[in-house]
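J.: With the input below, show me the fold.
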Amino acid sequence: MHRVEQLYRAFQRDVYLYLLSLTGDPTQAEDLTSETFLQALCAIGRFRGDSSVKTWLLGIARHLWLRQLRSPPPLTGDSALLGAYLCGPGPESQLIARQAVDRIAQLLSEKGEAPRRTIYLRALGHSYDEIAAALHISPNSARVIEFRTKKWLREQLQKEGYL
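T.: Here you go, the predicted model:
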């Protein structure tokens, strides 16, 4: 099992419950939980071990929650929603998202049905339970598919200079 998956399995519930206590919204807590693990993946090389992994993850989660509180309301429209979902909330990210939406759609068309539908359904605000029911998979599988697909998309977009 990959280390990121081990981290996810070990701490996902703690991170989710922490974010749920902050947001009071299960869907928002799920979104922030996924983003927390994605940020952790990007920053794993900078983890110094001054605190426990759980403390580090909860710190990332809190930072993302605070950033979300300060950010402007999301753009409207499917393309803008998908781009903002994948690239983050700031104005610079919104510009990048507008430029990259066509490429994101092309990249998603290369993936199977489950990854493609998972990303689109999450971008539209569906919960993992709803996605799982639509795709006939478990909610945890929906989370893992989303995590891996977002990671793959970011890697592809970085290689191509979009990010």
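J.: Run through the helices of this protein in chain order.
T.: 3-23, 26-43, 53-70, 78-87, 91-110, 113-123, 128-135, 139-159 (DSSP state H).
J.: where does the protein dip in pLDDT?
T.: Applying pLDDT under 70 to the chain flags the ranges 1-4, 45, 72-102, 124, 162-163.
J.: Domain parsing of it, as residue ranges.
T.: 3-70, 78-159 (automatic domain parsing).
J.: measure the nearest residue to residue 148 once chain neighbours are set aside to residue 60 for me?
T.: What sits nearest to residue 148 in space, not counting adjacent residues and going by C-beta to C-beta, 6 or more residues apart in numbering, is residue 115, at 7.5 Å. C-betas here are computed from N, CA, C, even on glycine. As for residue 115, its distance to residue 60 is 24 Å (criterion: C-beta to C-beta, to the nearest Å).
J.: same check, this time on residue 49
T.: 15 Å.
J.: and if you look at residue 35?
T.: Distance, residue 35 to residue 60, using C-beta to C-beta: 9 Å.
J.: ok, residue 109 - how many residues close by?
T.: A total of 8 residues lie near residue 109 under the criterion other C-beta atoms under 10 Å.
J.: since we're on the spatially closest residue to it that is not a sequence neighbour, how many residues are nearby?
T.: Of all residues beyond its chain neighbours, the one nearest residue 109 is residue 116 (7.1 Å), with distances taken as C-beta to C-beta, 6+ apart. By the criterion of other C-beta under 10 Å, residue 116 has 17 neighbours.
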